[in-house]
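S.K.: Sequence isn't available, so here's the structure alone:
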């Protein structure tokens with residue numbers, strides 16, 4: 001039911017081309033030899049710096065190192081490993097194949113996860129949540145609820161399940177018999193508690209769930225990207241006070257900011273200016289032009 005594959009695929013796509021200009025130091029050492037000739041480091045470097053892939057790789061290296069220098073103390077290897085293991089668990093036996101399809105290794109994927117966490121740390125340091133943003137988010141905020149659900153492929157099947165529930169059949173037995181969600185079908189369809197800041201569930205699923213009172217079941221099937229759901233509310237607590245949910249609301253606001261390209265471009269621009277970057281090769285002076293102008297770079 002959860003959009004694990006979509007979310008993980010997005011994370012796998014983060015971070016750029018796995019080309020390293022760091023190996024291209026000055027000098028004329030042979031990189032490759034072949035019958036009738038050779039390619040030197042200098043030749044390789046000259047070709048790479050003229051290519052979009054090479055320039056993107058250098059830009060990524062600069063950004064990663066600037067983020068590491070400024071925010072490395074805020075991101076632990078334990079956090080990186082935790083995220084990595086979550087994705088590995090979600091993909092199961094397909095994990096290695098997915099990495100390979102995205103041109104990545106376990107090591108480069110971990111580096112990408114770390115870059116994401118460093119970027120989040122930079123965002124929270126540079127951009128502060130305003131009271132106006134919090135007030136706006138509070139209007140639509142829903143506290144954590146706990147539900148059971150049954151996922152099926154056809155609307156007619158979901159309608160039949162709703163009818164059986166009304167006739168007295170137990171949710172647990174129907175979840176085990178019908179649900180396509182293998183992660184929950186054997187535990188009565190119960191999902192981990194979630195609130196309105198959750199990004200792993202379809203918005204249609206959350207909207208339908210939040211309308212239910214404790215003990216209620218959806219009257220009609222709920223359509224999502226995964227299929228059709230029958231939802232039962234186990235516990236829908238009162239909204240409570242803003243102060244008791246402030247952290248969750250701020251996290252929601254920051255998650256929204258992180259999805260905004262202009263906001264993140266501004267954050268990275270600030271990081272790069274603070275890094276006082278000096279590009280020595282005139283042919284590469286514009287590699288950071290997507291974030292800052294060449295006049296902002298140290299001469």
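M.R.: Thanks, I have it. None of the values given here were measured: they were computed from a predicted structure.
S.K.: show me what contacts residue 146?
M.R.: Residue 146 makes contact with 190-191, 193, 233-235, according to CB atoms under 8 Å, 6 or more residues apart in numbering. Backbone N, C-alpha and C define where each C-beta goes, glycine included.
S.K.: Nearest to residue 166, out of the residues you listed: which one, please.
M.R.: Closest approach between those and residue 166, by CB to CB: residue 233, at 15.7 Å.
S.K.: Where does the residue nearest to that closest one when sequence neighbours are not counted sit: helix, strand or coil?
M.R.: Spatially, and ignoring its direct neighbours in sequence, residue 233 is nearest to residue 212 (3.7 Å; CB to CB, 6 or more residues apart in numbering). Secondary structure, DSSP: H, G, I helix; E, B strand; the rest coil: residue 212 is coil.
S.K.: I'd guessed residue 212 sits against residue 218; true?
M.R.: Yes. Counting by CB atoms under 8 Å, residue 212 sits close enough to residue 218 to count as a contact (6.9 Å).
S.K.: can you list residues touching both of the two?
M.R.: Residues touching both residue 212 and residue 218 by CB under 8 Å, 6+ apart: 231-232.
S.K.: quick one on the thing from earlier: filter the contacts of residue 146 down to the buried ones.
M.R.: Neighbour counting over the contacts of residue 146 (16 or more other CB atoms under 10 Å) leaves 190-191, 233-234 as the buried ones.
S.K.: Among these, name the ones in strands.
M.R.: The strands, defined by DSSP state E, take in 233-234 from the buried ones among the contacts of residue 146.
S.K.: which one of the buried ones among the contacts of residue 146 sits closest to residue 128?
M.R.: Of all those, residue 191 has the smallest distance to residue 128: 33.1 Å, by CB to CB.
S.K.: quick one, what contacts the closest one?
M.R.: Residue 191 sits next to 1, 146-149, 184 when contact means CB under 8 Å, 6+ apart.
S.K.: pLDDT and secondary structure for these - can I get that in CSV?
M.R.: Compiled in CSV, the contacts of residue 191 are given as follows (pLDDT from 0 to 100; DSSP: H, G, I helix; E, B strand; the rest coil):
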residue, pLDDT, secondary structure
1, 38, coil
146, 97, strand
147, 98, strand
148, 98, strand
149, 98, strand
184, 95, coil
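S.K.: Next, give me the two most distant ones among the residues you listed.
M.R.: Pairwise distances across these peak at 14.7 Å for 1 and 146 (criterion: CB to CB).
S.K.: any chance you could map the helices in the stretch 51-200 of the chain?
M.R.: Shown for the stretch 51-200 of the chain, the helices assigned by DSSP state H, counting those that start in this stretch span residues 52-71, 77-91, 95-101, 106-126, 131-140, 155-166, 171-178.
S.K.: Reformat those helices as JSON lines; add distance to residue 265, mean pLDDT and mean neighbour count.
M.R.: Written out in JSON lines, the entries for the helices of the stretch 51-200 of the chain read as follows (distance: least, CB to CB, whole Å; pLDDT from 0 to 100; neighbours: other CB atoms under 10 Å):
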{"stretch": "helix 52-71", "distance to residue 265": "11", "mean pLDDT": "94", "mean neighbour count": "18"}
{"stretch": "helix 77-91", "distance to residue 265": "23", "mean pLDDT": "92", "mean neighbour count": "14"}
{"stretch": "helix 95-101", "distance to residue 265": "28", "mean pLDDT": "93", "mean neighbour count": "14"}
{"stretch": "helix 106-126", "distance to residue 265": "11", "mean pLDDT": "96", "mean neighbour count": "18"}
{"stretch": "helix 131-140", "distance to residue 265": "19", "mean pLDDT": "95", "mean neighbour count": "12"}
{"stretch": "helix 155-166", "distance to residue 265": "43", "mean pLDDT": "97", "mean neighbour count": "16"}
{"stretch": "helix 171-178", "distance to residue 265": "45", "mean pLDDT": "97", "mean neighbour count": "17"}
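S.K.: so which of these comes closest to residue 270?
M.R.: Proximity of the helices of the stretch 51-200 of the chain to residue 270 was assessed by CB to CB; the nearest stretch is helix 106-126, lying at 5.2 Å.
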